[in-house]
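[1] Sequence and predicted model, in that order:
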Amino acid sequence: MEELNAIVGENLTELRKSRHLTQQELAERIGYSDKSLSKWELGKAVPSVDVLKELADFYGVTVDALLTQGAAEKKALMAKTAKNDGNKIVITAMAACFVVFTAVAIFVNALFQNKADNSWIVFVWMVPAAMLICGFLSLRFWGRTLAFWIMSSVFVWSLLGSLALTIQMVNGEQIWYTFMIAVPLQVSIVLLAKIKK
């Protein structure tokens, strides 16, 4: 029984701390004394089943999670990871938006200077630039995931496409054969994606 008391106490303490609450603040929220909370967290007593259910509902876990060793710690870690993933997604989206806004600014500047004849090409170059930045952030934040490999493929093909369009626009030469370079690069990307870490 003492082991169960300790497990419940550890889980209750971990969950309370993950919410950044003091015992006094939690006691006010759930309607029990801070002395009762202290006894439960120290493992000197176990709350009744109905109180355990109430605490589980308050923390968004199951009663089983309160009775299982380390379950509260895993729940707190998962919540922290989910919050960090949200931040990483926002950072990646902001980086992509920065590339788009830069392209728009360059295009608008060319319009105001009456040099907009071929300035649309900036939107073509925007794609490989965005894929390069987002691919790097994806690798940094989440490692070699499917999204990273897809961004790598899009980067290779869009870079060669942008290069071919730019050369055709400037020199009038069609160098679409540069896409033959993309084939072994794409095969390399697929093979690298299949290699285990």
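    Received the coordinates, thanks.
[2] For Gln113, see how far away the nearest residue to Ala110 once chain neighbours are set aside is.
    Spatially, and ignoring its direct neighbours in sequence, Ala110 is nearest to Ser119 (3.6 Å; Cβ to Cβ, 6 or more residues apart in numbering). Backbone N, C-alpha and C define where each C-beta goes, glycine included. Using Cβ to Cβ, to the nearest Å, Ser119 is found at 9 Å from Gln113.
[3] Looking at those two, which one has more neighbours?
    Ser119 (16 against 9; other Cβ atoms under 10 Å).
[4] For the chain, give me the ranges with low pLDDT.
    1-2, 70-83, 116, 196-197 (pLDDT under 70).
[5] Check which helix or strand the residue positioned nearest the centre of it maps to.
    Ranked by distance to the mean C-alpha position of the chain (Cα atoms, centre = their mean), the top residue is Asp85 at 2.9 Å. For Asp85, the host element (DSSP states H and E) is helix 71-112.
[6] what's in contact with the very next helix or strand once past that helix?
    Sequence order places helix 121-142 as the next helix or strand after helix 71-112, per DSSP H and E. With contact meaning Cβ atoms under 8 Å, 6 or more residues apart in numbering, helix 121-142 is reached by 88, 91-92, 95-96, 98-100, 102-103, 106-107, 110, 145, 147-148, 151-152, 154-155, 158-159, 161-162, 165-166, 169.
[7] repeat that with 6 Å
    Around helix 121-142, the neighbours that count as contacts under Cβ atoms under 6 Å, 6 or more residues apart in numbering are 88, 92, 95-96, 99, 103, 106-107, 147-148, 151-152, 154-155, 158-159, 162, 165-166.
[8] so how far is Arg144 from the residue nearest to Ala110?
    36 Å.
[9] Check Lys115 too.
    42 Å.
[10] same thing with Val104?
    32 Å.
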